[in-house]
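1. Build me a model from this:
(one chain, ligands or ions: 1)
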Amino acid sequence: MIKKGEKLVLWNHDSSTLIKVDGDTKRISGIGVIDTDRFVGKRWGTEVKIGRERYRLLQPALKDGPELIDRKAQIILPRIGIQIALYCDITCGKKIVEGGVGSGMLTAVLSSIIGPEGQLISYELRDDFIKRAKSNLEKLDLYDNWKLVKGDVTEDVEERNVDAFIVDIPEPWKALKMADKSIKDGGFFAGYIPSTNQLEKTVKGMRKHGYVDIKSFESLERDMVVGDKGVRPSFDMLGHTGYVAVGRKTP
Ligand SMILES: C[S@@+](CC[C@H](N)C(=O)[O-])C[C@H]1O[C@@H](n2cnc3c(N)ncnc32)[C@H](O)[C@@H]1O
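-> Numbering: from 1, shown residues only. Below you'll find the predicted structure:
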């Protein structure tokens, strides 16, 4: 049952819109005016009609993050964030430093994985991104385990003995010196990198800094369309996102 104060996603095939069921009447662009009280007491998944459109009432899910947050910079897709977490062995209770918060999508994924016992300290240079990311993260109802710090992840990181140090900044290799001081022996460094020449520079930098077990990869996902007459790959595949380099620090 949907309770007053909860958030829900109005979902149909064309859009996902996050709203808070706070009893207020809201004007939502592209949908219209909604009295949120009408959703209280309904079962999750119920279909409702608003104007001429029909929507399902769904619980917000992390995978829908890109559609629910306000984005300005390029984000790391949740599925790629999960892969980064896997290769950095990020699990409940881990302590992570992140650099380059942008819109906060990777921050949200990492916060969800480390759980209430974990710690995530995310450095960002720009005030406008800190403000946007904070508002996005608050929308997503995460654990109280994240902190946004205004600072340069290549210079200002104060945390030591961290389990993983993850950067999504234009020149990831510039963070390696700081990462050396911050990551515990055997811990992980990861960079999310838009182009192959930056990937090469990052991996060569990691080798120079003594990182081992280095893996670099690109993550592509091809949706399948299951129709009445047959099954085929979607025509709308996202052909490029970014590259990831991950490695482990040695003394
Ligand atoms: C592509 S965005 C990050 C997107 C983010 N990973 C997400 O999933 O939403 C890159 C961000 O890095 C920030 N940035 C660039 N250099 C930085 C540095 N040296 N230290 C901290 N933040 C930095 C930029 O201001 C920008 O917000």
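2. Quick one: name the residues of the protein near the ligand.
-> Within the chain, the positions near the ligand by Cβ under 6 Å from any ligand atom are 73-76, 99-106, 123-126, 129, 152-154, 168-169. In this view, the C-beta of every residue, glycine as well, is placed from N, C-alpha and C.
3. rerun at 5 Å
-> 73-76, 99-100, 102-103, 105-106, 123-126, 129, 152-154, 168-169 (Cβ under 5 Å from any ligand atom).
4. Can you pick out the ones from those that are in helices?
-> Members of the residues of the chain next to the ligand lying in helices (criterion: DSSP state H): M105, L106, F129.
5. Can you tell me which of those comes closest to S195?
-> L106 (18.5 Å; Cβ to Cβ).
6. tell me the mean pLDDT for stretch 198-211?
-> For stretch 198-211, mean pLDDT is 98.
7. for that stretch, the distance to its chain's centre please.
-> 24 Å (Cα atoms, centre = their mean, to the nearest Å).
8. What of stretch 107-123?
-> In terms of Cα atoms, centre = their mean, the centre of stretch 107-123 is found 10 Å from the chain centre.
9. Just the pLDDT for L10.
-> L10 is given a pLDDT of 94.
10. Please disregard the earlier target; I meant A190.
-> At A190, the pLDDT value in this model is 98.
11. Contacts only, for it.
-> Listed by Cβ atoms under 8 Å, 6 or more residues apart in numbering, the contact set of A190 reads I84, Y87, C88, A164, F165, I166, V167, V244, A245, V246, G247.
12. again with E47
-> Neighbouring residues of E47 by Cβ under 8 Å, 6+ apart: R54, Y55, R56, L57.
13. Then P78?
-> P78 makes contacts with L62, K63, G65, P66, M105, A108, V109, as judged by Cβ under 8 Å, 6+ apart.
14. Now the phi/psi pair for the residue in the stretch 101-250 of the chain that the ligand sits nearest to, please.
-> The minimum distance from the stretch 101-250 of the chain to the ligand, using Cβ to the nearest ligand atom, falls at G102 (2.4 Å). Main-chain torsions, G102, degrees, to the nearest 10: phi 50, psi -120.
15. burial measure for it, as a count.
-> 22 (other Cβ atoms under 10 Å).
16. and if you look at I130?
-> 18.
17. How about D213?
-> There are 12 residues near D213, going by other Cβ under 10 Å.
18. What's the separation between it and M206?
-> Separation of D213 from M206 (Cβ to Cβ, to the nearest Å): 10 Å.
19. before we move on, what about K3?
-> Taking Cβ to Cβ, one finds K3 at 48 Å from M206.
20. before we move on, what about A179?
-> In terms of Cβ to Cβ, A179 sits 9 Å off from M206.
21. Could you do G41 as well?
-> From G41 to M206 the distance is 54 Å (Cβ to Cβ).
22. Of those two, give the one with the bigger neighbour count.
-> M206 (25 against 11).
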